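# Using only what follows, build the 3D model:
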Amino acid sequence: MRSMHRGLKLFTATALALSVSACSFLQHQPEATYEKDKTYKLTVLHTNDHHGRFWQDRKGRWGMSARMTLVKQIRSEVEAEGGNVLLLSGGDINTGVPESDLQDAVPDFKGMNMLGYDAMAVGNHEFDNPRTILKMQEELANFPFLSANIINEKTGKPLFNPYTTFNFNGLRIAVMGMTTTDTPKQTSPESVAGLEFKSPVEVASKLVPELEKKADVIIATTHMGHYQNGDYGVNAPGDVTLARSVDGIDLIVGGHSQDPLFEPDLQNGTYIVQAHEWGKYVGRADFEFKNGSLKLVSYELVPVNPKNAKIKIPQDPDMLALLTPYQEKGAKLVEAKVGSVDERLMGERKEVRFQPTNLGTLLSKAFMEKSGADFATMNGGGIRASIDGGEITYKDVLTVLPFGNTLSTVEMTGSEVIDYLGVVATKPANSGAFAHFAGIEMIIDDHNVSDVKIGGEAINYEKTYKMAILSFSASGGDKYPKLNDKPGYVDTGFMDADVLREFVEQNSPLSVSKFAPKGVVRK
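Next up is the predicted model:
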């Protein structure tokens, strides 16, 4: 049955023979329990950055029901050959699809229970909701949430389990979790209050030697990002840095950067894998362990009903029965039409984090109109999807703005505005902090702004201006200057998605040409 999924590049034992010598070998302790000269077969399945996609999309792609069929098939195959399977997640189960967001990802975690996940890394988007919801999700899950480097400042102990262990007929496996240290700047500060996000390298350097005493195979499931050759740029260090810095990790199952790694990245004897996003693929790594050495036999990303699939994976009926009531409930909340647009409003990650877009401009104008502000700014990382030309539903609106931030305003003098823009307008590309604007013109050069105009007039350093901004950014998110403690700060209480919905309703049909970015020049 597995042959039907071989459309992507598969590494066979022969193809990997030259790299076997580079596989990590653990310094096993005398109490090792594996049987001498016996070959143990271990298959690690993995997904990451699920982001609420429990249901297939409108084109019949992906979805947990088809994933269930695939995972069942692989488990059956592996078990028939005397092997064992681990199913791991690289985190970010939350945030992305309204049907899930409006139900606190309960269908997603229940679906993961049915799929039989063995562990998951805690992602930064697990903190998008209040901690009470995160605690509910942790209690709902039949598998551990893992993160060794998120520390409760009051107790000095990890907030989650640092690791978990498995024993497959004497083969001992430890799985530890790590979370990006960028989390505090990528989510609401209130959600991470009282937590310290320690360096994963620092934590793993102490933890791995301890795990080597308990396990024959060490796996890290992480939400840190894969950055080619360790070039993480403005982001926090990721999986390559971890692998190069800490000896003894056999496999890193990653997430966060949402990359499809069709080939494992071998660094310092550690294989790094990642399965793109949204359940588009299930990663499959087949290992053999014998007499203290671990060998990667084959690896592939198995697609889950992509657009042009010749053979469709059927949806598992039991998973469908579990998820259908949640999908129907969510659909009633989000399918109402709110307006229309003539062309696509650009909101893809590769767009809004690199350049001004029409959607960034539209959102900023919507914030200005609702609040009566003189100008507005919007962080690119808060824009989570595009809106295609045609009908716009409430679901589309919620998919663009899934975080539930409120619209806020702050009054600043022209001089203070210049100082603020010197930080925000110069945020680099390829980060969620990349800023979009409306109502303001300027020239941005390196770390300076010049020729600033508000409302078409040169800025007056003594005049007071009102800026509209989301509560996330105003509270210091994305390392924006903190504004919510200033005397002129007001949280309007209006939810960002509701502001966008109202703007679309009042201005439809929308013409994309009216929202073309202009007036902000980057040199």
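# switch to C-alpha atoms for all contacts and neighbour counts from now on
Will do.
# what bits of the chain have low per-residue confidence?
Within the chain, the stretches with pLDDT under 70 are 1-31.
# Residue most distant from the centroid, it?
Residue farthest from the centre of the chain, counting by Cα atoms, centre = their mean, is Glu462 at 42.3 Å.
# three-state assignment of it?
Three-state call for Glu462 (DSSP: H, G, I helix; E, B strand; the rest coil): coil.
# Okay, it and Ala438: tell me how far apart.
21 Å (Cα to Cα, to the nearest Å).
# In stretch 104-113, which residues are buried?
Neighbour-count burial for stretch 104-113 flags Asp104, Ala105, Val106, Pro107, Asp108, Phe109, Lys110, Gly111, Met112 (criterion: 16 or more other Cα atoms under 10 Å).
# Now that we have those residues, can you turn them into JSON lines and tack on secondary structure and distance to Leu294?
Compiled in JSON lines, these are given as follows (DSSP: H, G, I helix; E, B strand; the rest coil; distance: Cα to Cα, whole Å):
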{"residue": "Asp104", "secondary structure": "coil", "distance to Leu294": "39"}
{"residue": "Ala105", "secondary structure": "coil", "distance to Leu294": "36"}
{"residue": "Val106", "secondary structure": "helix", "distance to Leu294": "37"}
{"residue": "Pro107", "secondary structure": "helix", "distance to Leu294": "36"}
{"residue": "Asp108", "secondary structure": "helix", "distance to Leu294": "33"}
{"residue": "Phe109", "secondary structure": "helix", "distance to Leu294": "32"}
{"residue": "Lys110", "secondary structure": "helix", "distance to Leu294": "33"}
{"residue": "Gly111", "secondary structure": "helix", "distance to Leu294": "31"}
{"residue": "Met112", "secondary structure": "helix", "distance to Leu294": "28"}
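# Can you lay out these as JSON lines showing distance to Pro209?
Output for the buried residues of stretch 104-113, formatted as JSON lines (distance: Cα to Cα, whole Å):
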{"residue": "Asp104", "distance to Pro209": "37"}
{"residue": "Ala105", "distance to Pro209": "36"}
{"residue": "Val106", "distance to Pro209": "36"}
{"residue": "Pro107", "distance to Pro209": "38"}
{"residue": "Asp108", "distance to Pro209": "34"}
{"residue": "Phe109", "distance to Pro209": "32"}
{"residue": "Lys110", "distance to Pro209": "34"}
{"residue": "Gly111", "distance to Pro209": "35"}
{"residue": "Met112", "distance to Pro209": "31"}
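# which one among the residues you listed gets closest to Glu190?
In terms of Cα to Cα, no member of the buried residues of stretch 104-113 lies closer to Glu190 than Asp104, at 17.7 Å.
# and Trp466, what is it in contact with?
Quick fix: residue 466 reads Lys, not Trp. Counting by Cα atoms under 8 Å, 6 or more residues apart in numbering, Lys466 touches Ala373, Asp374, Phe375, Thr409, Val410, Glu411, Met412.
# Who wins on neighbours among those?
Ranked by neighbour count (other Cα atoms under 10 Å), those have Thr409 at the top, with 27 neighbours.
# any idea which helix or strand carries the residue nearest to that one when sequence neighbours are not counted?
Among residues not flanking Thr409 along the chain, Ala468 sits closest, at 4.5 Å (Cα to Cα, 6 or more residues apart in numbering). Here Ala468 is covered by strand 464-470, with elements defined by DSSP states H and E.
# need the next SSE after that strand, C-terminal direction.
Strand 464-470 is succeeded, C-terminally, by helix 471-474 (DSSP H and E).
# Mind giving me the packing neighbours of that following helix?
Counting contacts by 3 or more Cα pairs under 8 Å, 6 or more residues apart in numbering; DSSP states H and E, helix 471-474 packs against strand 406-413.
# doesn't Gly414 make contact with the residue farthest from the centre of the chain?
Yes: counting by Cα atoms under 8 Å, Gly414 is a contact partner of Glu462 at 5.8 Å.
# Pull the contacting residues for the residue nearest to Thr409.
364, 367-368, 371, 373-377, 407-410.
# go again using 6 Å as the cut-off
When contacts are counted by Cα atoms under 6 Å, 6 or more residues apart in numbering, Ala468 touches Ala373, Ala376, Ser408, Thr409.
# Please name the bridge partners of the last one.
This points to Thr409. Judged by DSSP bridges, the bridge partners of Thr409 are Ala468, Val490.
# separation between it and Lys427?
The spacing between Thr409 and Lys427, counted by Cα to Cα, is 21 Å.
# Kindly report the same for the first one.
Taken as Cα to Cα, the spacing of Ala373 relative to Lys427 amounts to 22 Å.
# before we move on, what about the third one?
Ser408 sits 21 Å away from Lys427, going by Cα to Cα.
# what about the two, which has more around it?
Neighbours were counted for Ser408 and for Lys427 using other Cα under 10 Å; Ser408 has more, 26 against 21.
# Without its sequence neighbours, what residue ends up closest to that one?
Distances taken as Cα to Cα, 6+ apart place Asp491 nearest to Ser408, at 4.3 Å, with adjacent residues excluded.
# neighbours of the one you found, just the number please.
Count around Asp491 with other Cα under 10 Å applied: 16.
# Same check on Gln137?
When neighbours are counted by other Cα under 10 Å, Gln137 registers 19.
# Tell me if it really is in a strand.
No: going by three-state DSSP, the assignment for Gln137 is helix, not a strand.
# ok, it to Asp446 distance?
Relative to Asp446, and taking Cα to Cα, Gln137 is found at 43 Å.
# what do you get for Leu407?
29 Å.
# ok, those two, which is more surrounded?
Legend: neighbour count by other Cα under 10 Å for Leu407 and Asp446, higher for Leu407 (25 against 13).
# The closest residue to the more buried one other than its chain neighbours: neighbouring residues, count only.
Distance criterion Cα to Cα, 6+ apart; nearest residue to Leu407, sequence neighbours excluded, is Leu470 at 4.7 Å. Using other Cα under 10 Å, Leu470 has 26 neighbouring residues.
# quick one: Leu470 from Lys523, how far?
From Leu470 to Lys523 the distance is 27 Å (Cα to Cα).
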